[in-house]
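Novice: Requesting a structural model of the entry that follows:
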Amino acid sequence: MAKTQRELAFLRDLYITDDWTRRFTELADKHVDLKRVENLLYLNAGTGSHCFELREKLGDDAAVFASCENEDLLTIARDKAIALRSDVDFSTIRFEDDAFDVVIADASFVSPSELFALIQESTRVAKPGGRVGVMIPASGSFGEIFSLLWEVMFNESIGRNGAETEELVTQLPTVANIEKMAHGAGLTRVETRSAAEVFEYDDGAAFAASPLIIDFLMPGWLNGLEENEKEQVIDKLAQLIDDEDGPLSYRFSVKAVLLTGTKL
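Specialist: Alright, predicted model coming up:
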C-alpha cells in the first residue's frame, strides 16, 4: 500500500538520510567550497540533517536557509531545529534571484526529466560568482536492479514487457549530459566528481522490505502500473534475487555524482 506524504516524511528522517542521502552529502562535504560564505541555501533539504551539519561548519557569521520539498518534511525539519537550538531557516518559499554565496541542491530523488530545471533554479538563486553544488545519481546506477526488473516484467508480461526498464536505464543522465546542463543553466568552472556506492541486502525479502526500495525508488520506476501489478513485480523480483544469488547477499551500485560550478 502506498504511504501518505506524512508517513514518507517520517521514513525519510528515520531511514533514508543515513542509508541513502549520506552517500551524496559526503561528496558535497569534500568538494563544495565553504570559504568566505555569508549565506547558503539548501534546496530539497529533506528533514534538514545535512543543513545542521553545514550550519556547524560555517560558524555564526553565516546564515543558512533551506527549502523543503513539502510541508510534512518542513514540519520535521523545523521541529529538529527547535530541538537542536539551530537557526537554520527552513521554508518552502521561492527565493530571490542572485541572493546566495553557495547553493547546494539534493537531486537524489529528482526525476531525470526535472534535473535541468533544478540546476537552473540553483543557478538562479546564486549570486554572480556564487558557487553551486548539485548531488545526482548518474548513468550506471541501479544496473543490477534494472536487469532483474526487466526480466520480471518480460517474463510476467507486465506493462510493456520490460520496455519501461530500458527507458529507466537510458533516462539516467551521463556525466557529459550533466555538465552540458550546467553550462546551459549559466554555470562556469563546471566540474563533476563521482563515487561508486554499494547497497547490500541479506536476501530478496530484505531488499523488498527496504523503505528506500519500496517507498522511494520503486514508485517512480513502476509509475503507470496498477497496484496489483506493482505488488507482483516486487514479489517476483525478491524471488528472482534469491534464485540467482542463493545464500549470498544481494548488492546493487549507485554512481553518486556531485556537480559543481560558479555562476557567471
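
Novice: next structured bit after the lengthiest helix in the chain?
Specialist: Under DSSP state H, the helix in the chain containing the largest number of residues is helix 227-245. On the C-terminal side of helix 227-245, the nearest following helix or strand under DSSP states H and E is strand 250-263.

Novice: Distance from the chain centre to that following strand, please.
Specialist: Mean-position distance between strand 250-263 and its chain equals 9 Å (C-alpha atoms, centre = their mean, to the nearest Å).

Novice: Now do it: which elements does it pack against?
Specialist: Contact here means 3 or more C-beta pairs under 8 Å, 6 or more residues apart in numbering; DSSP states H and E; on that basis strand 250-263 packs against helix 22-31, helix 115-125, strand 126-137, helix 143-155, helix 175-185, strand 187-201, helix 204-209. From N, CA and C alone the C-beta is placed, and that goes for glycine too.

Novice: Determine which stretch of these is the most buried.
Specialist: Most buried of those by mean neighbour count (mean count of other C-beta atoms under 10 Å) is strand 126-137; its value is a mean of 22.

Novice: returning to what we had before: okay, the angle between the longest helix of the chain and strand 250-263?
Specialist: Between helix 227-245 and strand 250-263, the angle formed by their directions is 110 degrees, by axes from the mean of the first three to the mean of the last three C-alpha atoms, to 10 degrees.

Novice: Name the residues of helix 227-245 that are buried.
Specialist: Buried residues in helix 227-245, counted by 16 or more other C-beta atoms under 10 Å: 230, 232, 233, 234, 236, 237, 238, 240, 241.

Novice: any idea which of the residues you listed is closest to residue 201?
Specialist: Ranking those by separation from residue 201, with C-beta to C-beta as the measure, puts residue 241 on top at 8.0 Å.

Novice: For the nearest residue to residue 141 once chain neighbours are set aside, which residues are in contact?
Specialist: Counting by C-beta to C-beta, 6 or more residues apart in numbering, the nearest residue to residue 141 once its immediate chain neighbours are dropped is residue 254, at 4.3 Å. With contacts defined as C-beta atoms under 8 Å, 6 or more residues apart in numbering, the neighbours of residue 254 are 23, 137, 141, 142, 196, 197, 198, 199.

Novice: just checking, the last one touches residue 256?
Specialist: No - because the distance of 11.2 Å does not satisfy C-beta atoms under 8 Å, residue 199 is recorded as not touching residue 256.

Novice: ok so, going back, same for the longest helix of the chain, what does it pack against?
Specialist: The helices and strands touching helix 227-245, judged by 3+ C-beta pairs under 8 Å, 6+ apart, are helix 143-155, helix 204-209.

Novice: Find the residue at the geometric middle of the protein.
Specialist: Within the chain, one residue has its C-alpha closest to the average C-alpha position: by C-alpha atoms, centre = their mean, that is residue 108, at 1.3 Å.

Novice: low-confidence ranges in the chain?
Specialist: Counting by pLDDT under 70, the chain contains low-confidence ranges at 1.

Novice: Include distance to residue 63 when you put the contacts of residue 254 into a markdown table, please.
Specialist: Compiled in a markdown table, those are given as follows (distance: C-beta to C-beta, whole Å):
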| residue | distance to residue 63 |
| --- | --- |
| 23 | 27 |
| 137 | 30 |
| 141 | 34 |
| 142 | 37 |
| 196 | 35 |
| 197 | 31 |
| 198 | 37 |
| 199 | 35 |
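
Novice: just to revisit the earlier point, what's the distance between the residue nearest to residue 141 and residue 143?
Specialist: Remark: distance between residue 254 and residue 143 (C-beta to C-beta, to the nearest Å) = 10 Å.
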